[in-house]
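K.L.:
Next comes the sequence, and after it the predicted model I'd like to discuss.
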Amino acid sequence: MASDVKVRISPGCAEPEAAFDRVEAIFAAVEFECTRFDPSSDLMRANAAADEWQQVGEYCFAAITAAALAHINTDGLFDPRILRTLCELGYDRSIAFGTESRDLPGRIGDHRPMPAFWAPGLDSATHSVRIGPEPIDLGGIGKGLAVRWAAEELESICPSFIIDAGGDCYLSGGGPAGYGWNVGVEDPRGGADPLAVLTVRNRACATSSIRLRKWTVDGRPVHHLVDPRTTGPGGAGLLAVTVVGRDPADAEVWSKVLFLRGVSEIGRAAEDHGLAAVWVTDDGQVKMSTPADEYVIWQAP
């Protein structure tokens, strides 16, 4: 997943040590099955099999199933078949990106639409999948699902907690003060102070941003949020998008989809889908959809 995972539990948790152990075990299992950085993972074995059926673990099967459903629900704008493009751009291994830009060996190919609509083969009886000719990346949705599954484990023993996996969060209960958890919307330009603060309770919060995973190829800037309509980096005019919703995986999917809409379409798309979204434009402006009003308690002047 190439992300740190942080867990914070408020007082009152019946089994705090067990809670941490459960979260760690779930993330380890999801990463083991779904990482693209290990050729022996279930995901990469399925990618290598292409049009052949391949049996995978329960987490990998659930993640591919969720990705296929998200592909349908977003009219194809969420498309995990961007692995080949990421590798061509030089992001073919786990890299500890920072706020600084770096040049990676790669190439910028011809921008072309992703072929056809993705309809993987899914056999729930045997947990077998047939990916198709284009390999997939489950990094983003895999994180969101891991947060979902870990939160489900904690809800029965912890009245209030946060799970944060590299910007994909679930915030349960009232937090230390009893009214919810405060979440800062970071400055994607690298500033130390947040651009807005949200108060969230029993909700997921996910951010798609190019603050960290950006680099250059032959001096040309690129990032990891690939638009399947062009198979090139997308999100013209945007630096980051944050979405608040009920489910971590859904929030992750829609934060990416809204980002790919670009600055000219994001507002209408967020309103049309009733999404609580906050976004930062490339000139540093902070904007939000109407459903986000209930969560935003402070915004930088």
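P.N.:
Received, thanks. A quick note: this is a predicted structure, and the numbers were derived from the prediction, not measured.
K.L.:
wait, isn't Ile210 in contact with Ala240?
P.N.:
Yes: between Ile210 and Ala240 a contact is recorded at 7.2 Å, counting by C-beta atoms under 8 Å. C-beta: built from backbone N, CA, C; applies to glycine.
K.L.:
Those two - which one has more neighbours?
P.N.:
Each of Ile210 and Ala240 has its neighbours counted (other C-beta atoms under 10 Å); Ala240 has more, 25 against 20.
K.L.:
where does the nearest residue to Met288 once chain neighbours are set aside land on pLDDT?
P.N.:
For Met288, ignoring the flanking residues on the chain, the nearest one in space by C-beta to C-beta, 6 or more residues apart in numbering is Val278 at 4.5 Å. We have a pLDDT of 98 for Val278.
K.L.:
that's a helix at Val278, yeah?
P.N.:
No: judged by DSSP: H, G, I helix; E, B strand; the rest coil, Val278 forms no part of a helix; its state is strand.
K.L.:
And the strands in the stretch 101-250 of the chain, which stretches?
P.N.:
In chain order, the stretch 101-250 of the chain shows strands spanning 121-123, 128-130, 161-165, 168-172, 181-185, 196-200, 203-209, 214-217, 220-223, 226-227, 232-233, 238-245, with DSSP state E, counting those that start in this stretch as the criterion.
K.L.:
contacting residues around the first one?
P.N.:
Contact with strand 121-123 is made by 53, 61, 64-65, 68, 128-130, as judged by C-beta atoms under 8 Å, 6 or more residues apart in numbering.
K.L.:
Distance from stretch 197-212 to the middle of the chain?
P.N.:
11 Å (C-alpha atoms, centre = their mean, to the nearest Å).
K.L.:
Same check on stretch 23-37?
P.N.:
15 Å.
K.L.:
Numbering from 32 from now on, please.
P.N.:
Let's use 32 as the start, then, which means that last one is stretch 54-68.
K.L.:
Are there residues contacting both of Ile241 and Ala271? Which ones?
P.N.:
What both Ile241 and Ala271 touch, as defined by C-beta under 8 Å, 6+ apart, is the set Pro219.
K.L.:
how deep is the residue nearest to Gly173 when sequence neighbours are not counted tucked in, by neighbour count?
P.N.:
What sits nearest to Gly173 in space, not counting adjacent residues and going by C-beta to C-beta, 6+ apart, is Cys65, at 4.4 Å. By the criterion of other C-beta under 10 Å, Cys65 has 28 neighbours.
K.L.:
Thr247 too?
P.N.:
15.
K.L.:
Poorly predicted segments of the stretch 32-181 of the chain, please.
P.N.:
Where the stretch 32-181 of the chain drops to pLDDT under 70, the residues are 32, 129-132.
K.L.:
Quick one: the helices in it, in order.
P.N.:
47-65, 73-80, 89-104, 114-119, 170-185 (DSSP state H, counting those that start in this stretch).
K.L.:
returning to that earlier point: so the residue nearest to Met319 versus Thr230, what's the distance?
P.N.:
13 Å (C-beta to C-beta, to the nearest Å).
K.L.:
These two: who's more crowded?
P.N.:
Applying other C-beta under 10 Å to Val309 and Thr230 shows that Val309 carries more neighbours, namely 25 against 18.
K.L.:
Tell me which residues touch the more buried one, please.
P.N.:
Contacts of Val309 (C-beta under 8 Å, 6+ apart): 216, 227, 229, 272-273, 317-320, 323, 327.
K.L.:
Put together a markdown table for the residues you listed, with distance to Ile297 and neighbour count on each row.
P.N.:
Shown next, in a markdown table, are the contacts of Val309 (distance: C-beta to C-beta, whole Å; neighbours: other C-beta atoms under 10 Å):
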| residue | distance to Ile297 | neighbour count |
| --- | --- | --- |
| Val216 | 15 | 25 |
| Ala227 | 16 | 21 |
| Leu229 | 18 | 25 |
| Val272 | 7 | 28 |
| Thr273 | 12 | 28 |
| Val317 | 13 | 17 |
| Lys318 | 8 | 16 |
| Met319 | 10 | 20 |
| Ser320 | 9 | 22 |
| Ala323 | 12 | 20 |
| Val327 | 16 | 17 |
